[in-house]
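**Student:** model this:
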Amino acid sequence: MRIELERPLAWPVRPVQTTTGLHVSATSILIACADRALGIGMHDAFERNGHRIHVTHDPIAALDTLEADGSIGIVAVELALPHFDGLALVERMRKSVQRHLQVIVVAPNATAADVVRAMHLRAADFVSDPQDGSQLHGALARALAAHQAVVSLPAPPPPAGNGELQGALEDAYRHGLALIEAVKALRDGQPAAAAPVPVPVPNPPASTSAATGENQRLAVLRTLQQSRVARDKYFPKGLFEDPCWDMLLDLMANHLRGRRISVSSLCMASGVAQTTALRRITELHDRGLVRRIADEKDGRRVFIELTEQGIAALSGYVEHIQELN
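**Tutor:** Here you go, the predicted structure:
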């Protein structure tokens, strides 16, 4: 079904009180846009509220900045970025950092499909006219309010691991035995003797060694990825482009974390134009290293994951690197 729009589709606006009470001084803002004039305009609009602002014009630089500054809680993304659309960058950000982000999508000519994708990616707001200061201010106020509400929630207690669960079971077992002895003593009319409680020596869970191995492999993969990013800082950009390798490293890291990666997100990790990345994904597929899997919930989206052959090859490589070190 084709949807004809007489004017750009606007995000449903939720009225809020845009007062200084919404200011969160510790929250930094990241602006990712290709239009430098637009970046300057948003920077000036947001800076009036006293926030620390980062402006980037490249998706890879935006991801690096987001990882480097843990105080970033608000991200404003232009929909039209070079080689990638802004929503693919948002998807990548969601997978790259493990913290709450409120995203403002800036798109003067948004379509219905853009709005639906933004909603699926939990965008906080949609700005259809970035030249309208009231729209920018309102979007920022709503994003800050949502961010403040999230960070104010108490952190849930960490789930008990296998070792903690085993210890709890042993404690319950010992208390049960003591209770039985106390009941027996009461029946016999004698006080129950206090039995010494041995200090349990929990056995390491069977999954500990496997988890340690996965953490070590993740550390090696992270070092390899960081070394490639560092290399680009000292040599001309594009001199060492190796999109297949960058995508394989990213797929392996996310495989160990149990995450699924979409085609657009993987293209972002390649560091090259989307058309080039798609060709290289086809090469990896033809060589049996990756496979495509359709999203069961969204027929328009396709995930990429390593095959058994790809996992075995990368695991062997990582183990070899570990032996060298």
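**Student:** ok, the closest residue to residue 151 other than its chain neighbours - contacts?
**Tutor:** Once flanking residues are discounted, residue 151 sits nearest to residue 100: 6.6 Å by C-beta to C-beta, 6 or more residues apart in numbering. Every residue, glycine included, has its C-beta placed from N, CA and C. Residue 100 sits next to 73, 147, 150-151 when contact means C-beta atoms under 8 Å, 6 or more residues apart in numbering.
**Student:** SS state for residue 100?
**Tutor:** Put simply, residue 100 is coil when judged by DSSP: H, G, I helix; E, B strand; the rest coil.
**Student:** distance of it relative to residue 217?
**Tutor:** Separation of residue 100 from residue 217 (C-beta to C-beta, to the nearest Å): 28 Å.
**Student:** again with residue 247
**Tutor:** 17 Å.
**Student:** so which of the two has more stuff around it?
**Tutor:** A count of neighbours by other C-beta atoms under 10 Å puts residue 247 above the other of residue 247 and residue 217, at 25 against 20.
**Student:** show me the contacts for the more buried one.
**Tutor:** Residue 247 touches 266, 269-270, 277, 280-281, 284, counting by C-beta under 8 Å, 6+ apart.
**Student:** give me the element it is part of.
**Tutor:** helix 243-257 (DSSP states H and E).
**Student:** which elements pack onto the helix or strand following that helix?
**Tutor:** Following helix 243-257 in sequence order, the next helix or strand is strand 261-262 (DSSP H and E). Strand 261-262 sits against helix 243-257, strand 302-306, with contacts defined as 3 or more C-beta pairs under 8 Å, 6 or more residues apart in numbering; DSSP states H and E.
**Student:** winner for burial among these?
**Tutor:** helix 243-257 (a mean of 20; mean count of other C-beta atoms under 10 Å).
**Student:** send me that helix as PDB with only the CA atoms.
**Tutor:** Output of helix 243-257 as PDB, limited to C-alpha atoms (Å, rounded to 0.1, in the frame of the first residue of the first chain):
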ATOM      1  CA  PRO A 243      35.200  -4.100   5.400                       C
ATOM      2  CA  CYS A 244      35.000  -7.900   5.300                       C
ATOM      3  CA  TRP A 245      37.300  -8.200   8.300                       C
ATOM      4  CA  ASP A 246      35.600  -5.400  10.200                       C
ATOM      5  CA  MET A 247      32.200  -7.000   9.700                       C
ATOM      6  CA  LEU A 248      33.500 -10.500  10.700                       C
ATOM      7  CA  LEU A 249      34.900  -9.100  14.000                       C
ATOM      8  CA  ASP A 250      31.700  -7.300  14.700                       C
ATOM      9  CA  LEU A 251      29.600 -10.400  14.000                       C
ATOM     10  CA  MET A 252      31.800 -12.500  16.200                       C
ATOM     11  CA  ALA A 253      31.700 -10.100  19.100                       C
ATOM     12  CA  ASN A 254      27.900  -9.900  18.900                       C
ATOM     13  CA  HIS A 255      27.600 -13.700  18.600                       C
ATOM     14  CA  LEU A 256      29.500 -14.000  21.900                       C
ATOM     15  CA  ARG A 257      27.100 -11.400  23.500                       C
END
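**Student:** name the residues of stretch 50-69 that come out as buried.
**Tutor:** 51, 53-60, 62-66 (16 or more other C-beta atoms under 10 Å).
**Student:** scratch that, stretch 106-113
**Tutor:** 106-107, 110.
**Student:** in the chain, which spans are helices?
**Tutor:** Remark: helices assigned in the chain by DSSP state H are 36-47, 59-68, 86-96, 112-120, 133-151, 162-188, 207-234, 243-257, 263-270, 274-286, 308-324.
**Student:** quick one: least confident helix or strand in this structure?
**Tutor:** None of the helices or strands of the chain scores lower by mean pLDDT, DSSP states H and E than helix 162-188, at a mean of 56.
**Student:** how near is the nearest residue to residue 120 once chain neighbours are set aside to residue 292?
**Tutor:** Ranked by C-beta to C-beta, 6+ apart and with sequence neighbours excluded, the top spatial neighbour of residue 120 is residue 298, at 7.3 Å. Going from residue 298 to residue 292 by C-beta to C-beta gives 14 Å.
**Student:** what does residue 121 give?
**Tutor:** 21 Å.
**Student:** again, but for residue 103
**Tutor:** With C-beta to C-beta as the criterion, residue 103 and residue 292 are 27 Å apart.
**Student:** can you check residue 98 too?
**Tutor:** 27 Å.
**Student:** which one of these two has more residues nearby?
**Tutor:** residue 292 (12 against 7).
**Student:** what sits against the more buried one?
**Tutor:** Taking C-beta under 8 Å, 6+ apart as the criterion, residue 292 is in contact with 263, 285, 302-304.
**Student:** any idea how far the residue most central in space within the chain is from residue 291?
**Tutor:** By C-alpha atoms, centre = their mean, the mean C-alpha position of the chain lies nearest to residue 95, the distance being 2.5 Å. To residue 291, residue 95 is 19 Å away according to C-beta to C-beta.
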